[in-house]
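Just a sequence and a predicted model for now, questions to come.
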Amino acid sequence: MTLSRCTGFTNKTDIGDGKCRKRSYDLPGQMTICICITSMCNYAVSSCKESNKKTQVHPPPAFSPVIRTLKQIIKCSFYLPPGIYSDGQCNALYWQQEPPPFNVCQKYFEQNSVLCQIQITKTNTKEVIKNGYTNEETSYYAINILRQKSIHPNAIFGETITSTIIQYKEDEGSYVSNCLCTTNNCNKDFEICANGLKYNKAWV
């Protein structure tokens, strides 16, 4: 995000500060981002900028990417259970507005998705969520699967070049099946998303 939409950043270091170009669905106003590495430097934008001035002489090298960058725009299925306006990116953005104007935000994700997701949660009922994410969200959702893998050592985990799945049981007894994929309409259902991978079909 910082390199593609924001000024003040380079590919040589992760610290910096600058203004960011708004997306079509962003709320009015200007977005400023600052990334710093000293203790309590993120207390305010001013303290972040001051920290960066001191570290710019010998800036730390940029971290190596943990997740590969996805650039190919794909078509994803979108479905949210009744009562859920949207997943985090739109819901958090408009939480103070009633009714929330999700149309523009949702359209942006439908037209710019590079990663599709289907998540099924089974208890006494079955809840299915389908979403698409842009390249700014892919690292978060990919790393979240790795995080769940570390939390649930008995989880079912598998990956191919185009898909990653994880299945695990929550403490309260619900069964979660999550799949990420990178081809057109791959999250239409869990079987398509998890093609070629072993998983517990009883949980989906």
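Received it, and whenever you're ready, just let me know what you need. Numbering: from 1, shown residues only.

all contacts plus neighbour counts: C-alpha atoms, from now on.
Fine.

quick one, longest helix in the chain?
helix 138-151 (DSSP state H).

Give the other helices and strands that it contacts.
strand 163-169 (3 or more C-alpha pairs under 8 Å, 6 or more residues apart in numbering; DSSP states H and E).

After the strand it packs on, which helix or strand is next?
As assigned by DSSP states H and E, the chain's next helix or strand after strand 163-169 is strand 175-181.

so what does that next one touch, helix or strand wise?
By 3+ C-alpha pairs under 8 Å, 6+ apart, strand 175-181 packs against strand 115-122, strand 163-169, helix 190-193.

what number of residues lie near residue 154?
By the measure other C-alpha atoms under 10 Å, the count of residues near residue 154 is 11.

correct me, but residue 11 touches residue 60?
No. The pair residue 11 / residue 60 is not scored as a contact, 11.4 Å apart, by C-alpha atoms under 8 Å.

While we're on residue 183, how confident is the model there?
Turning to residue 183, the model gives it a pLDDT of 96.

Next, the buried residues of the longest helix of the chain.
For helix 138-151, the neighbour count (16 or more other C-alpha atoms under 10 Å) marks 138-139, 142, 145, 149 as buried.

Flag the least confident of the residues you listed.
residue 139 (78).

returning to what we had before: now render the helices and strands packed on strand 175-181 as a markdown table, adding mean pLDDT and mean neighbour count.
Below are the helices and strands packed on strand 175-181 laid out as a markdown table (pLDDT from 0 to 100; neighbours: other C-alpha atoms under 10 Å):
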| stretch | mean pLDDT | mean neighbour count |
| --- | --- | --- |
| strand 115-122 | 95 | 24 |
| strand 163-169 | 95 | 23 |
| helix 190-193 | 97 | 19 |
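
could I get these as TSV with distance to residue 44?
Converted to TSV, the helices and strands packed on strand 175-181 look like this (distance: least, C-alpha to C-alpha, whole Å):
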stretch	distance to residue 44
strand 115-122	33
strand 163-169	38
helix 190-193	42
